[in-house]
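Student: need the 3D shape of this:
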Amino acid sequence: MTLPADLDLSQIPFWERSQAERMAAFRKLRELGRPVFVPEQAVPFIGGGPGYYALVRHADVTEASRNAAVFSSEPCANSIPDMPRWLSVYFGSMINMDDPAHARLRRIVSRAFTPRILAKMEEDLARAAAEIVDRAIEEGPGDFVAQVAARLPVRVICDMMGIPAKFHDMVLRRTNVILGNADPEYTGISPGYSRVNVARGLARLLHAGHSLNRLAARLGDERRRRPTGDLVSLLVNGEERLTSQQLGSFFILLVVAGSETTRNAIAYGLKLLTDHPGQRELLLADFDGRVAGACDEIVRYATPVIQFRRTLTRDHEMNGTAYKKGDKVLLFYNSANRDESVFHDPDAFDITRDPNPHVGFGGPGPHYCLGAHLARREMTVMFRELFTRLPDARAVGEPSFLLSNFINGVKHLRWAF
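Tutor: Numbers count the residues shown, from 1 in each chain. Below is the predicted model of the structure:
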């Protein structure tokens, strides 16, 4: 099916539109009944391809996610053009792998997310949230993202990896560059695909990736010599272990995926609970009974990760559409999470929504988010601390959004308490 002229998802102006305009555009795409083919924007120094099919319906996204043998994460899942080797060394990781290589690495790094490890983190999470709110009270209300939403996930992930506190701000800055590589605030350049803009953006991206990779690799070298029992020690020692390069790539994946998803969910959470006071009252009337539903509804409604890519390993027909071997498809989780055929009144924010089969942590299958449970715990702990200590905490005005076709990010959000 041919792409309507006003729905070109490959163009930066589409992603500069308001949230409401973009969701209305995805609603139009769902109404077309079949995935549209979107011409691909060639990127200097990286290249491009003929284009991709936009999977915008819940049924397509979930079926493609389950069928990893046909809808492959190789050669690249986190970039529309194929990622060159000089980038994939930092940003490849297991996210761009299929089984059995993916299963092996996932088995190793899943040690970070066992129930025993997560249970041990409960007290650490509560203490971190309390200290963050203490600091916010001392500073006074300003930017909720900088003061609260961004601090908890970066601290949690760095603590998991044994990254000293003196590096936490650096990790956050590098993460902003990696995910904000199309945003002028983080790159210092105007958006666009000119050779100068792309060269400058890639230089900053490589510097950020190299810095984080080396930070983790140096820590891995130390833990090989002197294991401490922390996560990095588990990952680099033992019968199955990560190499220095794999450890660095995993750290980038963990800090980018884990930090950004939770950071944006917490920021969106405050905004949504401010804009929907009835839902906030419901939550606070029975926090323990409703917080799980609230967290999942925030993730569904906001969908912090917009899309991932898959590539067809063979000719295949799915839900009435024929695909050819080598075709690219993009799984638009944001659109699937508003699919009217699955969610009643999908544009309504409803923390009591049940069932809520959202794909905000990815679709079902081998690449479902390893850190989904941790993200829910972080959100729960932070909202509990926030609304217990600052019951009048609320967003003020509209957020400043990240310019990206990958992350639905909140850069800044004014707040009051």
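
Student: where does the chain dip in pLDDT?
Tutor: The model of the chain has pLDDT under 70 over residues 1-5, 191-193.

Student: what about the strands in it?
Tutor: Per DSSP state E, the chain carries strands over the ranges 36-39, 51-55, 71-72, 307-312, 316-318, 321-323, 328-332, 394-401, 410-416.

Student: elements contacting the third one?
Tutor: What that stands for is strand 71-72. Based on contacts counted as 3 or more CB pairs under 8 Å, 6 or more residues apart in numbering; DSSP states H and E, the elements that strand 71-72 packs against are strand 307-312. Heads up, the C-betas are built off the backbone N, CA and C, glycines and all.

Student: what's the strand it packs on packed up against?
Tutor: Counting contacts by 3+ CB pairs under 8 Å, 6+ apart, strand 307-312 packs against strand 71-72, strand 328-332, helix 333-336.

Student: need the contact partners of the second one.
Tutor: So that's strand 328-332. 9, 26, 35, 38, 40, 49, 51-56, 60-61, 64-65, 71, 80, 306-312, 323, 359, 363 (CB atoms under 8 Å, 6 or more residues apart in numbering).

Student: got it, and the shortest one?
Tutor: Judged by CB under 8 Å, 6+ apart, the contacts made with strand 71-72 from elsewhere in the structure are Ala64, Ser65, Asp98, Arg310, Thr311, Leu312, Thr313, Val329.

Student: likewise for stretch 184-199?
Tutor: Identification of contacts with stretch 184-199 by CB under 8 Å, 6+ apart yields 12, 16, 41-46, 176-177, 180-183, 200-201, 204, 403, 411.

Student: okay, now that stretch: how far is its last residue from its first?
Tutor: Its first and final residues considered, stretch 184-199 spans 14 Å by CA to CA, to the nearest Å.

Student: stretch 163-183 now?
Tutor: OK, stretch 163-183 end separation, CA to CA: 27 Å.

Student: quick one: the helices in the stretch 51-200 of the chain?
Tutor: With helices called from DSSP state H, counting those that start in this stretch, the stretch 51-200 of the chain shows them at 58-66, 85-91, 101-109, 115-139, 144, 151-161, 168-179, 184-187, 195-225.

Student: most neighbours per residue, which of these?
Tutor: Mean neighbours per residue, mean count of other CB atoms under 10 Å, is largest over these for helix 144, with a mean of 27.

Student: now for it, which elements pack on it?
Tutor: Under the contact criterion of 3+ CB pairs under 8 Å, 6+ apart, helix 144 touches strand 410-416.

Student: circling back to that earlier point, now restrict the contacts of stretch 184-199 to buried residues only.
Tutor: Of the members of the contacts of stretch 184-199, the ones counted as buried by neighbours, 16 or more other CB atoms under 10 Å, are 41, 43, 46, 176-177, 180-183, 201, 204, 403, 411.

Student: right, and out of those residues, which lies closest to Gly269?
Tutor: Lys411 (16.0 Å; CB to CB).

Student: ok, the closest residue to that closest one other than its chain neighbours to Ala146 distance?
Tutor: Spatial nearest neighbour of Lys411, chain neighbours left out: Ser400 (4.6 Å); criterion: CB to CB, 6 or more residues apart in numbering. Noted for Ser400: a distance of 11 Å to Ala146, by CB to CB, to the nearest Å.

Student: and for these two, which residues touch both?
Tutor: Common neighbours of Ser400 and Ala146 (CB under 8 Å, 6+ apart) are His412.

Student: phi and psi next, for Pro141.
Tutor: phi -60, psi 130 (degrees, to the nearest 10).

Student: picking that back up, and the strands of the chain as JSON lines, adding distance to Glu385?
Tutor: Below are the strands of the chain laid out as JSON lines (distance: least, CB to CB, whole Å):
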{"stretch": "strand 36-39", "distance to Glu385": "42"}
{"stretch": "strand 51-55", "distance to Glu385": "38"}
{"stretch": "strand 71-72", "distance to Glu385": "40"}
{"stretch": "strand 307-312", "distance to Glu385": "32"}
{"stretch": "strand 316-318", "distance to Glu385": "44"}
{"stretch": "strand 321-323", "distance to Glu385": "47"}
{"stretch": "strand 328-332", "distance to Glu385": "33"}
{"stretch": "strand 394-401", "distance to Glu385": "16"}
{"stretch": "strand 410-416", "distance to Glu385": "15"}
